[in-house]
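**Q** sequence first, predicted model second:
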Amino acid sequence: YVKSKVEGLGIQAEDEAEQELYGALVQASVGRDTEAIDRLFVSFQLLQDLTGEDIYVNRYKRLALFAMLWMQTRFRSAYDYAMERKDSVTPEFLAGLCGESTQPWDTEQQEEMRAYLKDHPVRVEFLDGDLVFDIQITLTKGERTAKVRIANYHTNIVRMERNGEILLDLPVEADDESGLTDRTLLSMADIYDFAQTVEIADVKELLDRQIQCNMAISREGLTHSYGANIGQVIRASSPAGDPIAKAKSAAAAGSDARMGGCEMPVIINSGSGNQGMTASVPVIVYGRETGAGEEKIYRALVLSNLITIHQKTRIGRLSAYCGAVSAGAAAGAGIAYLDGGDYEVITHTVVNALAIISGMICDGAKASCAGKIAAAIDAGVLGYRMYQNGQQFYGGDGILSHGVEKTLDNVGRLGKIGMRSTDKEILQIMLQT
């Protein structure tokens, strides 16, 4: 496909190596996304049309230009580096961009770990206690032992022992939320106002990283096989021009890749990569597909991210309540905002979505998370479409109360308190299977 595009521009590759380089640049950026490939070649053609010069004649110049166009969207940091050091942009520099991604663990180390696990079995047992998050690890080598306990959150080491000697022993309280940012000031009304008025320059750097990283792993999931390939299934079974289907499949594909072992970085939300992708990718894709301006997309991302955080603050760090539900409802609000929805539309979208899908369980990080993300986004969009068509759920319908903040309180209670016993049952089921 790439070869036909190159030939369609009248470019005569000098050798097979040049043709392979075009293909490698495409594969290293957007993979097999034909729409993205088409846009690249249209831009390539426009540059020649605008300059009035035959920029394709010189082999090095055409390859350099082609690479720089891809880098603008896929490898922004490399593009910025090249722009600051134009003299360093050599054929070798560009060719190096087409290599395999650098992984934090090389293949030899991975094989060593697999061999180690075969010879040194790990036993996992259920720990029944009052804490939602409590991990106690014991390692042995001969007669020597080492013990570590982590409680309440992942970096909170509360006890360490070595050969029976206690090196650290800190008190532990159930539901200890120390170390968390105080988010009591958040409300749906203030979040909406902030999204409307924030200076984009104040949030642009953070959001650019979220866009770059989360869209990159989404493309990885859409172009390679991971897990159950939920994103690809949605894309293949949906109308080609449906922006909602594209938004949903893109988010699910990111989770396919992340849950399937892809080591590309993700910008998280509320401590979760899946929530970070769910809150951002559908909003980005829908905004681009519907022609929303860059500023509008930034503001929609601010809204979606903060609404996710606002919901999760009540639920707590860890729960058997699937975090994708919160992020999917927030993504629906972000999509509504992109369509011009006001505060009333936003709040009703969230409430409707939570009425539909609250209660979906978290049973660990695995392939089905991508399907849950798709379902959560579906609920978010349905909640929006309901209000668009004059329909809504009301206070008193199940766990809903009058007013969005009271409903969020109810959901927080469900996730934090009501699902404690559910969490224990899930863990025991997982250890038995």
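**A** That came through, no problem. Since the structure is predicted, the reported quantities are computational estimates derived from the model, not experimental observations. Numbers count the residues shown, from 1 in each chain.
**Q** mean confidence score for whichever helix or strand residue 384 is part of?
**A** Taking DSSP states H and E as the definition, residue 384 sits inside helix 369-388. Averaged over helix 369-388, pLDDT sits at 98.
**Q** check which residues of whichever helix or strand comes after that helix are buried.
**A** Later in the chain than helix 369-388, the nearest helix or strand by DSSP H and E is helix 404-413. Buried residues in helix 404-413, defined by neighbour count with 16 or more other CB atoms under 10 Å: 404, 407, 408, 410, 411, 412. For the C-beta atoms, the positions are set from N, CA and C on the backbone; glycine is no exception.
**Q** which of the residues in the helix or strand following helix 404-413 are classified as buried?
**A** Going down the chain from helix 404-413, the next helix or strand is helix 420-432, by DSSP H and E. Going by neighbour count (16+ other CB under 10 Å), the buried part of helix 420-432 is 422, 423, 424, 426, 427.
**Q** confidence score at the closest residue in space to the first one that isn't next to it in sequence?
**A** Yep, that's residue 422 we're talking about. The shortest distance from residue 422 to any non-neighbouring residue, by CB to CB, 6 or more residues apart in numbering, is to residue 320 (4.3 Å). Looking at residue 320, its pLDDT reads 93.
**Q** wait, residue 320 touches residue 360, no?
**A** No: applying CB atoms under 8 Å as the test, residue 320 and residue 360 come out as separate, 9.7 Å apart.
**Q** more crowded one of those two?
**A** The residue with more neighbours, out of residue 320 and residue 360, is residue 320; 22 against 18, by other CB atoms under 10 Å.
**Q** if we can go back for a sec, closest one of the buried residues of helix 404-413 to residue 171?
**A** Taking CB to CB as the measure, residue 171 lies nearest residue 412 of these, at 25.9 Å.
**Q** excluding chain neighbours, what is closest to that closest one?
**A** Once flanking residues are discounted, residue 412 sits nearest to residue 314: 2.4 Å by CB to CB, 6+ apart.
**Q** and the nearest residue to residue 361 once chain neighbours are set aside, backbone torsions?
**A** Excluding the flanking residues, the one nearest residue 361 by CB to CB, 6+ apart is residue 320, at 5.4 Å. Residue 320 adopts backbone torsions of phi -80, psi 0, taken as degrees, to the nearest 10.
**Q** by contact count, what packs against the helix or strand containing residue 304?
**A** Element membership for residue 304 (DSSP H and E) is helix 294-315. Other helices and strands packing on helix 294-315, by 3 or more CB pairs under 8 Å, 6 or more residues apart in numbering; DSSP states H and E, are helix 188-197, helix 200-223, helix 273-289, helix 323-338, helix 343-357, helix 404-413.
**Q** just say which of those helices is most tucked in.
**A** helix 323-338 (a mean of 32; mean count of other CB atoms under 10 Å).
**Q** any idea how far that one is from the middle of the chain?
**A** 13 Å (CA atoms, centre = their mean, to the nearest Å).
**Q** that helix to helix 404-413, inter-axis angle?
**A** Inter-element angle recorded for helix 323-338 and helix 404-413: 160 degrees (by axes from the mean of the first three to the mean of the last three CA atoms, to 10 degrees).
**Q** tell me the helices and strands packed up against helix 323-338.
**A** Going by 3+ CB pairs under 8 Å, 6+ apart, helix 323-338 lies up against helix 243-259, helix 273-289, helix 294-315, helix 343-357, helix 369-388.
**Q** list the residues that contact residue 374.
**A** 230, 234, 248, 249, 251, 252 (CB atoms under 8 Å, 6 or more residues apart in numbering).
**Q** now with 6 Å?
**A** Neighbouring residues of residue 374 by CB atoms under 6 Å, 6 or more residues apart in numbering: 230, 248, 252.
**Q** what about stretch 25-38, average pLDDT?
**A** Stretch 25-38 shows a mean pLDDT of 70.
**Q** quick one: end-to-end distance for it.
**A** 14 Å (CA to CA, to the nearest Å).
**Q** quick one: the helices in the stretch 1-150 of the chain?
**A** For the stretch 1-150 of the chain, applying DSSP state H, counting those that start in this stretch gives helices covering 2-8, 16-27, 34-51, 59-74, 76-84, 91-96, 107-119.
**Q** where among those is average confidence lowest?
**A** helix 91-96 (a mean of 54).
**Q** tell me which residues touch residue 40, please.
**A** With CB under 6 Å, 6+ apart, residue 40 has these contacts: residue 69.
**Q** hmm, I was thinking of residue 231
**A** Shown in contact with residue 231 (CB under 6 Å, 6+ apart): 221, 222, 249, 252, 253, 256.
**Q** reformat the residues you listed as TSV; add pLDDT and distance to residue 57.
**A** Formatted as TSV, those follow (pLDDT from 0 to 100; distance: CB to CB, whole Å):
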residue	pLDDT	distance to residue 57
221	95	38
222	95	35
249	97	40
252	98	44
253	97	39
256	97	42
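**Q** which member of those is positioned nearest residue 118?
**A** Residue 118 has its nearest neighbour among the contacts of residue 231 in residue 256, at 27.5 Å by CB to CB.
**Q** just for this protein, where's the confidence low?
**A** 28-33, 47-56, 60-61, 70-106, 175-180 (pLDDT under 70).
**Q** residue closest to the middle of the protein?
**A** residue 277 (2.1 Å; CA atoms, centre = their mean).
**Q** one step back: which one of the helices and strands packed on helix 323-338 lies nearest to residue 192?
**A** Closest among these, using CB to CB: helix 343-357, at 4.8 Å.
**Q** counting contacts, what elements does that closest one pack onto?
**A** Here helix 343-357 touches helix 188-197, helix 323-338, helix 369-388, helix 404-413, going by 3 or more CB pairs under 6 Å, 6 or more residues apart in numbering; DSSP states H and E.
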